[in-house]
Structures are given as structure tokens and as C-alpha cells.
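Visitor: Have a look; sequence and predicted model below, questions after that.
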Amino acid sequence: MTGERPIGEDDLQAFVDGRLEPSRYQTVKAYLASDPARAEQVQREIEQRDALRARLAFKAQEPIPARLRVANIIAAQRRPIAFRLQRMAAALVWLVLGGAIGAAGGAWWTERSSQPAVQMAVADSAIAAHRIYVSERLHPVEVSGDQEAHLVQWLSRRVGKPLKAPDLNAQGYRLIGGRLLPSGAEAAALFMYENGSGNRLTLYVRSSVGEGETAFRFETRGDVSAFLWIDEGLSYVVSAKADRAQLLPVAEAIYHQFETTSGPAKDRL
Amino acid sequence: MDEIVSLLEPQIPGLRRYAWALLRDNEAADDLVQDTLERAIRHWSQRRRDGDLKAWLFAIERNLFLNAVRQRKSHGVHVGVEALENAPSSTETTESHMGLRDVLAGLDALPEEQRSVLLLVSVEDLSYQQAAQVLDIPLGTVMSRLSRARGRLREFMENGRNAVLRRVK
């Protein structure tokens, strides 16, 4: 045929891949018919292409591992602090339970050695308040959750630091309200939440100026569990009749919400 | 979020297969895919809306692979870059005793740029245009590189077979 483009290596490759338009395909086929040696090579390349596809097919048919699920990767990227907190909390439990103090854990322990006594006192007050008020049927709170703005403003002023009532809907808990408590010579705030099955949890917050930040610490008194930590000049204690695994996500959510309020993200944990 | 999931997940099987073909190690290959997905998600908003998602993802994966190769080279541990460019056959199967070679051994005989073009076009079904984008080379270069890769693979498979037959005699 006159005027037709001569056969090129791009034609032969597209022939191997089966990507030629029909008219060009016929042209290449005619060309190969006239050159048996070339046709033999092309046939080999087609076979090897098929062999390579077949040899590797199994990998694309395997179920996708959980760590490659896009939702999991996104979640991991969104919650780096929570994850690291969880690891830290797990490491701390080891410390308390086993006394197996690793290098990093040991440093944390000695650095904070003056604090546990103070923290324990805060934990005791918080858990005592929890016990007294969650079982109160008529007056569990002084100001109810439907006046949240007023409640938060009032408690912030008395505690001397800007507070907020964390949103725990994602954890299944709704704010009932809060009250003011004495804490030594100072004031403490108690927020109370309730879930669908009537279980209550409390968040106790008081000023802790001058005390360094701490990681999560887990305490139990009888059937009440608590996570406590100090951050940005405030002591937090979240208490509930729940086990550690149930309470940790709540503590993380609270930590995270206060962290986003108080400005720049910290890379301490 | 739903959009990211629905666009990315269909690409994962191919990304895993390409990674495995390059690395031949299940864990290392999935590490590479995970790095690829993390990077894609982080840079999701910067991706060109009209751009080709598949080509973008394979380009990220290949660049991460090449970075790792370079890093290993500069640290001078384990494997030199020649070994990775021309990986030794790790796939001696019973077929090879019968005079046939595992096609993966032939793949290993190719330099990385030829291996990649072959995998992207022959196995992952990227268009020549997409392959040009991934490899960051002109379309014409894709065609000539593909031609060289297939020629070299063919020769390797044939010479390998002859070599085996001679040894049997």
C-alpha cells in the first residue's frame, strides 16, 4: 500500500500488547507473515508477556492486609497523638505492674518522683467526688448540661483557667451538668456524663500551676477506675465504673479536645 | 474520605503486585505500598484533579522504591545497587531443570528501568502514556525501552535454556 507509514518498533510493541487499531493490526500482521523470523520473535514475546502476567497474578488476588486499608491509614494519620498516648499508657501499666523499668520509663519515673504524692491526693479527691455524686439521684449536678455555656463560664472563672465540657457523644456519653468542689484551698470543677445505659462518668479538673506535664496514669479504687494527667497547668481525672480499656478512649478524647483548645500541638507524647 | 477510599482501594492490588515484583518480599512490598498510600493521602489535595490517578500512584511507589535503593547504596550495606539493578535469580524452580526458566529470573536479568516499563505496561496495563508519566520519560522512549526490555528478556530466556541443555549433556 502506498502512503502507509512503515512498520516501527512501536507497532510491534503495541502488537504484543494487543493495543493496535484494527487497520494497523492487519498491516502489522501482513508484515510479520512476510518475515517468519521476526514473527517468531514476536510470538515469543507475546508468550513471555502472558507468562509474566500469569506468574504475578497471585499477588493481586490476595486479600488486602488490614494495614493497607485506606480507612485505617487515614485513621492512623489523624490520631497520631492518641496512638502514642495509648502506647505510653500501656508502657506505664507495665511499669506499675511489673516494676520492669526500661531506660525511657525509668527516666520518666525519676523525673516525676516528687509528683505522685500530689497526684495521688488529686486522684483520691476526684474518685471520692465521683462516688458521692454519681449515685445522687435528685441532685447529681448543680448546673445542668442544658446550660452548658453558663456552666463552663462559671467553673472556668472559679478554677481560674479556661475550661470546656468535652464532647463525648462519640464515646456514647452525654453531658448531664457539673458542679463546683473544694480542693484544698482551691476550687475544682466536676463535669458529669451519662451514657445510654445509665452509666455515669466524671471529669474532675483543677488548677495545677507549677506542676510539670505528665503522661496518663491509671488508678483504681475498688470498682472505680481513673485516668489522670497534668497538662497546661491543669490536673485532669476522668473516673468511671469501667475497666481500663473502656476508659482509655474517653481519656484520649478529653485530652485531645483540651489540646486543640489550648493551641499548638505538643510533640511531647 | 469516602472519595479517597473509593478511588484508592481499587488500585491497591496492582500496587502490591508491582511492589512485590520489584522487591520479592511480602513484608517489604507491603511496607512500600503503605508508604505509597500514606504519601498519596497526605498529598491528596495537591494531586491534579485532571491528572491520571493510576499513573500518579505508580509514580509515587516507584520513586519511593528508587529512593530506598539509593539510600541502601549510599549506606553501603547488604546489597550494592548493581545487585538490585541486576538481581540474581532467586527463582530456580523445577521448571529450570527441565530447560525452562521462570520468567521472573528473566525479569531479574533486566536493569530496573526496563523491568519497570515491562511491569507497568505488560502486567499493570498502564497505557504507554501513563507509563511515560510514571517513568518521567517521553512516549517515544517508552516504546524503545519496552522494545529493548522484551528483546533482552527473550534472549535471556533462550540463552538460559541453551545453557541448561548444554549442562545436561
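Guide: Structure's in. What do you need?

Visitor: shaky segments in the stretch 51-200 of chain A?
Guide: A:78-117 (pLDDT under 70).

Visitor: Which parts of it are strands?
Guide: A:143-144, A:173-183, A:186-195, A:200-207 (DSSP state E, counting those that start in this stretch).

Visitor: May I see those arranged in JSON lines, with distance to B:L66 as well?
Guide: Using the backbone N, CA and C atoms, a C-beta is placed for each residue, glycine as well. Output for the strands of the stretch 51-200 of chain A, formatted as JSON lines (distance: least, C-beta to C-beta, whole Å):
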{"stretch": "strand A:143-144", "distance to B:L66": "62"}
{"stretch": "strand A:173-183", "distance to B:L66": "50"}
{"stretch": "strand A:186-195", "distance to B:L66": "52"}
{"stretch": "strand A:200-207", "distance to B:L66": "50"}
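
Visitor: nearest to chain B, of these?
Guide: Of all the strands of the stretch 51-200 of chain A, strand A:173-183 sits nearest to chain B, with 24.4 Å by C-beta to the nearest C-beta.

Visitor: so who does residue 61 touch?
Guide: All of this is about chain A. By C-beta atoms under 8 Å, 6 or more residues apart in numbering or on different chains, A:Q61 lies in contact with B:P13.

Visitor: oops, chain B please
Guide: Neighbour list for B:E61: B:15, B:18-19, B:32-33, B:36 [criterion: C-beta under 8 Å, 6+ apart].

Visitor: Same list, those residues, but only the ones touching chain A.
Guide: B:V33 (C-beta under 8 Å from any C-beta of the partner chain).

Visitor: how far does stretch B:37-53 stretch from start to finish?
Guide: 12 Å (C-alpha to C-alpha, to the nearest Å).

Visitor: what about it, near chain A?
Guide: Yes: for stretch B:37-53, a contact with chain A is found by C-beta under 8 Å from any C-beta, at B:37-38, B:41-42.

Visitor: Present those as a markdown table; the columns should include secondary structure.
Guide: Shown next, in a markdown table, are those (DSSP: H, G, I helix; E, B strand; the rest coil):
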| residue | secondary structure |
| --- | --- |
| B:L37 | helix |
| B:E38 | helix |
| B:I41 | helix |
| B:R42 | helix |
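
Visitor: related to what we said a few turns ago, in the contacts of B:E61, which residue is surrounded by the most others?
Guide: In terms of neighbours by other C-beta atoms under 10 Å in any protein chain shown, these top out with B:Y18 at 29 neighbours.

Visitor: Please, which helix or strand holds it?
Guide: Taking DSSP states H and E as the definition, B:Y18 sits inside helix B:12-23.

Visitor: pull the CA atoms of that helix into PDB?
Guide: In PDB, the C-alpha atoms belonging to helix B:12-23 read as follows (Å, rounded to 0.1, in the frame of the first residue of the first chain):
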ATOM      1  CA  ILE B  12      -4.100  -1.400  45.900                       C
ATOM      2  CA  PRO B  13      -3.900  -4.900  44.300                       C
ATOM      3  CA  GLY B  14      -1.900  -3.600  41.400                       C
ATOM      4  CA  LEU B  15       0.400  -1.500  43.700                       C
ATOM      5  CA  ARG B  16       1.000  -4.600  45.700                       C
ATOM      6  CA  ARG B  17       1.900  -6.700  42.700                       C
ATOM      7  CA  TYR B  18       4.300  -4.100  41.300                       C
ATOM      8  CA  ALA B  19       5.900  -3.700  44.700                       C
ATOM      9  CA  TRP B  20       6.300  -7.500  45.100                       C
ATOM     10  CA  ALA B  21       7.700  -7.800  41.500                       C
ATOM     11  CA  LEU B  22      10.400  -5.200  42.400                       C
ATOM     12  CA  LEU B  23      11.200  -6.500  45.900                       C
END
